[in-house]
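1. Starting from these lines, generate the structure:
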Amino acid sequence: MRPRLNRLFPVVARDGQTLKVRVLGRGQPVLLLHGLGLDSRHWLPFIWPFLHRFRFYMPDFRGAGGSRSVRINQDDIFQNHMEDVQDIVDHFCLKNFLLAGYSLGGTTALHWQRAGGFAGVKRYLHIDQTPCISNRADWRYGLCGEQQDEIFGQLGKLRAVLAQHPDVEQLAHLPPTVRAQALTIVAETVSRIAGKPALRKALLTAARWPWLFSTLVPVPHLDDARRLLTSFLTTHHDYLPSLSDCPVPITVMVGMRSPLYHPAGQLAIAERAPQSRVVRMKHSGHVPQTDQPFRFTLELGRFLRG
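-> Numbers count the residues shown, from 1 in each chain. Have a look, this model is predicted:
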């Protein structure tokens with residue numbers, strides 16, 4: 001019998017909102033946390049060979065996939081997502097499970113580890129994410145590295161533009177001049193972060209139809225965008241200190257060509273954790289799943305089998 005890929009299980013979070021979780025396979029439980037702008041479906045091509053031995057729990061974060069209508073309700077989105085993960089673990093009574101987090105999912109996992117939440121985790125796979133997003137005097141490996149001041153300056157401008165209309169929820173409902181200003185900032189910033197200048201022109205073209213633009217950007221709901229910007233610009237979490245006491249083995253998968261996170265910053269996780277293993281994806285950027293899909297599947301299987 002073929003598994004039902006579109007089956008999503010409801011989980012009621014502590015604030016009463018219903019999140020959706022995709023569950024597939026049988027065997028040892030594995031919890032997979034996706035990145036910003038993605039959802040649980042992005043894991044499907046890679047878990048297929050392992051469904052006979054592992055049962056995968058793949059939540060859709062707030063604003064994504066089956067949880068698209070669920071709004072972020074805290075200014076610290078990492079705390080928000082962490083609490084949702086705790087509720088999901090409790091709902092399914094997960095114990096002795098494997099955990100993997102990619103990008104935003106990786107930060108959520110580290111936030112949870114720092115809060116003492118790895119008690120039920122047997123092994124953890126960390127995929128292309130820095131342990132400290134914000135730069136400081138002794139840390140230059142945050143988001144976008146040396147370009148962070150410029151990128152954060154643009155994000156600050158976008159935050160200020162959206163703050164002028166706090167009650168507007170949809171991009172299409174902003175006044176035309178304000179919408180054009182916001183769209184230009186988003187197009188320039190996203191193309192810079194992605195390292196693809198041609199993306200700017202594509203996004204600005206899509207901006208002629210706000211509904212289309214909203215499907216292309218990672219956070220289509222403006223209230224979620226405001227909270228996301230607040231989290232990245234004002235919450236300066238550093239997860240390195242807590243890793244020194246982490247008893248869980250950690251595999252760090254690094255996109256060695258990642259335009260978002262310098263490899264040295266990611267390797268600091270392995271240097272700090274008592275039990276660690278490094279997988280260097282030499283031909284990958286920030287998304288090793290698509291840059292090196294076969295190698296990624298191979299390494300995922302190696303992690304799963306321990």
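
2. contacts and neighbour counts: CA atoms only from here.
-> Will do.

3. And Thr290, which helix or strand is it part of?
-> helix 288-291 (DSSP states H and E).

4. In the stretch 51-200 of the chain, where is pLDDT below threshold?
-> The model of the stretch 51-200 of the chain has pLDDT under 70 over residues 194-197, 199.

5. all helices of it, in order?
-> For the stretch 51-200 of the chain, the helices defined by DSSP state H, counting those that start in this stretch cover 77-92, 104-114, 148-163, 176-194, 198-206.

6. Now do the next helix or strand after the helix holding Thr290: which elements does it pack against?
-> Using DSSP H and E, the helix or strand that follows helix 288-291 in sequence is helix 293-305. Here helix 293-305 touches helix 44-47, helix 288-291, going by 3 or more Cα pairs under 8 Å, 6 or more residues apart in numbering; DSSP states H and E.

7. residue contacts, the residue most central in space within the chain?
-> Central residue of the chain (Cα atoms, centre = their mean): Leu104, 2.0 Å from the mean position. By Cα atoms under 8 Å, 6 or more residues apart in numbering, Leu104 lies in contact with 34-36, 129.

8. do the same with Asp223
-> 71-72, 166, 168-169.

9. Tell me the buried residues in stretch 32-52?
-> 32-35, 37-41, 43, 46-47, 50 (16 or more other Cα atoms under 10 Å).

10. What ranges does the stretch 1-150 of the chain have for its strands?
-> 8-12, 18-25, 28-33, 54-60, 97-102, 121-127 (DSSP state E, counting those that start in this stretch).

11. Which one of the helices and strands packed on helix 293-305 lies nearest to Gly306?
-> helix 44-47 (15.4 Å; Cα to Cα).

12. Show residues contacting the closest one.
-> 56, 293, 296-297, 300.

13. Stretch 239-252 now?
-> Stretch 239-252 is contacted from outside by 110-111, 113-114, 118, 121-128, 131-132, 266-270, 272-279, 303, using Cα under 8 Å, 6+ apart.

14. Also stretch 50-70?
-> Against stretch 50-70 from outside (Cα under 8 Å, 6+ apart): 8, 17-34, 37-40, 43, 47, 71-72, 81, 219, 221, 224, 301.

15. repeat that with 6 Å
-> By Cα atoms under 6 Å, 6 or more residues apart in numbering, the residues outside stretch 50-70 that reach it are 19-32, 39-40, 71.

16. Stretch 264-278 now?
-> So stretch 264-278 is contacted by 130, 141, 243-244, 249-252 (Cα under 6 Å, 6+ apart).

17. quick one: which of the residues you listed is most hemmed in?
-> Counting neighbours by other Cα atoms under 10 Å, the top entry in these is Thr130, with 30 neighbours.

18. where's the nearest residue to that residue once chain neighbours are set aside, which helix or strand?
-> The shortest distance from Thr130 to any non-neighbouring residue, by Cα to Cα, 6 or more residues apart in numbering, is to Gln266 (5.1 Å). Following DSSP H and E, one finds Gln266 within helix 263-272.

19. buried ones in that helix?
-> Of the residues in helix 263-272, 263, 265-267, 269-270, 272 count as buried by neighbour count, 16+ other Cα under 10 Å.

20. Ok, stretch 91-102 next?
-> Applying 16+ other Cα under 10 Å to stretch 91-102 flags 94, 97-102 as buried.

21. Could you tell me the end-to-end distance of that stretch?
-> 22 Å (Cα to Cα, to the nearest Å).

22. Check stretch 57-69 too.
-> Start and end residues of stretch 57-69 are separated by 20 Å (Cα to Cα).

23. quick one on the thing from earlier: and the helix holding Thr290, average pLDDT?
-> Computed over helix 288-291, the mean pLDDT rounds to 95.

24. Thanks again, I'm all set now.
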